[in-house]
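S.K.: 3D model of this:
(chains A and B)
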Amino acid sequence: MCFRPMRYGQTNATRRQQGGYVLVIMLVIIVTGSLYGLLDRLNVNAAETSRVTATNNSLKQAREALLAYAAMHKGLLPCPDMASDDVLATMIGTGAGACSSNGSIGLLPVRNLGLPDLRDGDGNCLWYALSGTHRINGSLAPTDSTVAQYEVLDTLGTALVSKTGTEKGAAAIILAPGVATEAQARTPVAYKSCGTDSSQANTHLESTSTQFTTGTLKSATGILLKNDQLTWLTASQVWQLAKKLTPDDNPSCDDDGDDCDDD
Amino acid sequence: MTATIAMMTRPGKGFTLTELAVVLVIVSLLMGGLLIPLGAQQEIEKRRATEQQLNNIREALITFATVNLRLPCPDTNSDGLEDVPCTTNAVRDGGLPWKTMAIAELDAWSGSWLYRIERDYADTATLKSRILLDGAECSYANTAFRFDCIDVQNNAGVRLNSDREHPIAIIYSTGPNRQADGHNASYEATRSLTPTYQSDVPGANFDDLLIWVNRSSLISPLIAQGQLP
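M.R.: Residues are numbered from 1 along each chain as shown, chains lettered A, B, ... in the order given. Below you'll find the model as predicted:
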């Protein structure tokens, strides 16, 4: 609170009156500032909740569509969108139909799957890793003994899906990259509809090998180290679904279909 | 005595008008700074709420189809109930039958939901065979698919679906301006007229929120329910 030197004719009573005004005005400013801070905090919380919900919704839709595709194609899955020449005029989301037997990582082929332009809560296109064992351009449909090539870990390194477990590895993984971590220097490509393409997997995903990590991890000093959010289809799930829809055509079914009964 | 006279003749000199004006302007700016983001935040929140409602509607449609082996018909007389049958006449669009589906009637801007389906998916006799139809294209020339296939484009006119995997139902909110924009403002009945709808981020001339259900959305739930194959 500041005090002015008394002017001519100014009395102590006047000063007391002024002090009242100052208090009221300061109170208004403090209340306004507090309200602003409170609302800003609420906005941040609401935005975070909305971001997480949007990511989860997109991952769920993508997983449903892949499961349906697998059911319709005897357990085979579409190739990732590996094209590096997609431009706004043609849109992303069409698998090239030629992916590797060693596994492929690219953008989710949304148009092949009949999906809208799914994005995670941070506006990124979804990524997709496909085990070579389940690729649509492979020569054989997967069977109940097919072991997929991918594994999923949590941020502490605990296996959520392993190749040695009953799930028999992850046949497909859908990845929401989130914001760039400390180690990811992303350079948006203006003419790409996703702002990126499959050649930039390293700047969007924390792992591009056969082990993928899901979840958020920060360093002790608060630096963001990992933030990919994943959902996946295990080889076992794909097989269970595919055999239900296409028992007659499935090479692993007996003629009488006994091996293809529902579990 | 002199001081008393001074007080009587010169009322207490508080703030001058200029000082008060300056303070009021500062307070107004602060309040304005608070209210403008609040207004923008409200609009963003309405959009988020509507997007969430659309997701819920999508889930409700999938559940309805899983239980009834068909999608509900549109509501064409604004009573909130589906108007059946919708499989024999020319394809219709209309409102979402919110009463039939037991969902909220209006979006966050108090607008009604609009809804259109591919008619074979409203028929228990054809839904399963349509879902399992393989290798065919959704085109006017190909009679394996009915000729009311729906296309969705973005603001730039790029198709967002392929011939084969196309929307079997679309649902949309008319957004803040409460009127259908772009392709959503016109109605085309049959494939020969290319029934086209529009979905994109809001822009100067488009603020609708549109989502769609495709056939793959129904496959896993139907298998889980033992309805497929």
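
S.K.: ok, now how distant is A:Pro188 from B:Val201?
M.R.: 16 Å (C-beta to C-beta, to the nearest Å). From N, CA and C alone the C-beta is placed, and that goes for glycine too.

S.K.: Neighbour count for those two, which is higher?
M.R.: B:Val201 (12 against 9; other C-beta atoms under 10 Å in any protein chain shown).

S.K.: What pLDDT does the model give that one?
M.R.: Per-residue pLDDT puts B:Val201 at 85.

S.K.: so who does it touch?
M.R.: Contact analysis of B:Val201 by C-beta atoms under 8 Å, 6 or more residues apart in numbering or on different chains lists B:Asn155.

S.K.: what about it, which SS state?
M.R.: Classification of B:Val201 by DSSP: H, G, I helix; E, B strand; the rest coil places it in coil.

S.K.: Look at residue 153 and say how many residues are nearby.
M.R.: With no chain named, the answer covers chain A. The local packing of A:Leu153 (other C-beta under 10 Å) involves 18 other residues.

S.K.: was after chain B, sorry
M.R.: A count of neighbours around B:Gln153, defined by other C-beta under 10 Å, yields 18.

S.K.: A:Leu27 versus that one, what's the distance?
M.R.: Distance of B:Gln153 to A:Leu27, computed by C-beta to C-beta: 55 Å.

S.K.: Tell me which residue lies nearest the centroid of chain A.
M.R.: With the centre of chain A defined as its mean C-alpha position, the nearest residue by C-alpha atoms, centre = their mean is A:Ala176, 1.5 Å away.

S.K.: Let me know the distance separating it from chain B.
M.R.: Per C-beta to the nearest C-beta, to the nearest Å, A:Ala176 is found 16 Å from chain B.

S.K.: Tell me if I'm right that that residue and A:Gln229 touch.
M.R.: Yes - between A:Ala176 and A:Gln229 there is a contact at 4.3 Å, judged by C-beta atoms under 8 Å.

S.K.: who touches both of these two?
M.R.: Common neighbours of A:Ala176 and A:Gln229 (C-beta under 8 Å, 6+ apart) are A:55, A:59, A:120.

S.K.: List the ones among these that fall in helices.
M.R.: Members of the shared contacts of A:Ala176 and A:Gln229 lying in helices (criterion: DSSP state H): A:55, A:59.

S.K.: so where is chain B shaky, pLDDT-wise?
M.R.: Along chain B, the model assigns pLDDT under 70 to residues B:1-14, B:88-92, B:134-147, B:190-193.

S.K.: Helix, strand, or coil at the residue in it that chain A sits nearest to?
M.R.: For chain B, the residue closest to chain A is B:Glu165, as judged by C-beta to the nearest C-beta, at 2.8 Å. Of the three states, B:Glu165 takes coil according to three-state DSSP.

S.K.: Surely it is in contact with A:Val110?
M.R.: No - contact criterion C-beta under 8 Å: B:Glu165 and A:Val110 do not qualify, at 9.4 Å.

S.K.: Which one's more surrounded, these two?
M.R.: A:Val110 (28 against 20).

S.K.: The more buried one: which element?
M.R.: Under the criterion of DSSP states H and E, A:Val110 resides outside all helices and strands.

S.K.: Tell me the pLDDT of it.
M.R.: 85.

S.K.: for the lengthiest helix in chain B, packing partners?
M.R.: The single longest helix within chain B, with elements called by DSSP H, is helix B:17-68. Counting contacts by 3 or more C-beta pairs under 8 Å, 6 or more residues apart in numbering or on different chains; DSSP states H and E, helix B:17-68 packs against helix A:12-72, helix B:98-101, strand B:167-173, strand B:209-214, helix B:216-224.

S.K.: Next secondary structure after the shortest one?
M.R.: Going down the chain from helix B:98-101, the next helix or strand is strand B:114-117, by DSSP H and E.

S.K.: partners of that next one in the sheet?
M.R.: The sheet places strand B:114-117 alongside strand B:93-95 (antiparallel), strand B:167-173 (antiparallel), with pairing taken from DSSP bridges.

S.K.: In CSV, list the C-alpha atoms belonging to it.
M.R.: Taking Å, rounded to 0.1, in the frame of the first residue of the first chain, the C-alpha atoms of strand B:114-117 are listed here in CSV:
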residue,chain,number,x,y,z
LEU,B,114,-28.9,-35.8,-38.2
TYR,B,115,-28.6,-39.4,-39.4
ARG,B,116,-28.5,-41.4,-42.6
ILE,B,117,-28.0,-45.1,-43.2
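
S.K.: and it, how far out from the chain's middle?
M.R.: Here the centre of strand B:114-117 is set off from its chain's centre by 11 Å, with C-alpha atoms, centre = their mean, to the nearest Å.

S.K.: Kindly report the same for stretch B:29-38.
M.R.: Relative to its chain's centre, stretch B:29-38 lies at 29 Å (C-alpha atoms, centre = their mean).

S.K.: Then stretch B:215-222?
M.R.: Its chain's C-alpha centre and that of stretch B:215-222 lie 22 Å apart, by C-alpha atoms, centre = their mean.

S.K.: Stretch A:76-85 now?
M.R.: Averaged C-alpha coordinates place stretch A:76-85 at 17 Å from its chain's average position (C-alpha atoms, centre = their mean).

S.K.: hmm, who's touching it?
M.R.: Outside stretch A:76-85, the residues touching it (C-beta under 8 Å, 6+ apart) are A:66, A:69-70, A:92-99, A:104-110, A:112-113, A:127-130, A:134-138, A:141-142, A:171-172, A:197-199, A:233, A:238.

S.K.: So how do I select the buried members of those residues in ChimeraX?
M.R.: Buried residues among the contacts of stretch A:76-85 (16 or more other C-beta atoms under 10 Å in any protein chain shown), as a ChimeraX selection:
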select /A:66,69,70,92,93,94,95,96,99,104,105,106,107,108,109,110,112,113,127,128,129,130,134,135,136,141,142,171,172,197,198,233,238
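
S.K.: What about the contacts of stretch A:76-85, which are in helices?
M.R.: Using DSSP H, the contacts of stretch A:76-85 in helices are A:66, A:69-70, A:238.

S.K.: Using CSV, please lay out these together with pLDDT and distance to chain B.
M.R.: Formatted as CSV, the entries for these read as follows, by pLDDT from 0 to 100; distance: C-beta to the nearest C-beta, whole Å:
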residue, pLDDT, distance to chain B
A:Leu66, 93, 8
A:Tyr69, 88, 6
A:Ala70, 90, 9
A:Val238, 93, 11
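
S.K.: Would you point out the most distant pair within those residues?
M.R.: By the measure C-beta to C-beta, A:Tyr69 and A:Val238 form the most distant pair in those, at 9.9 Å.
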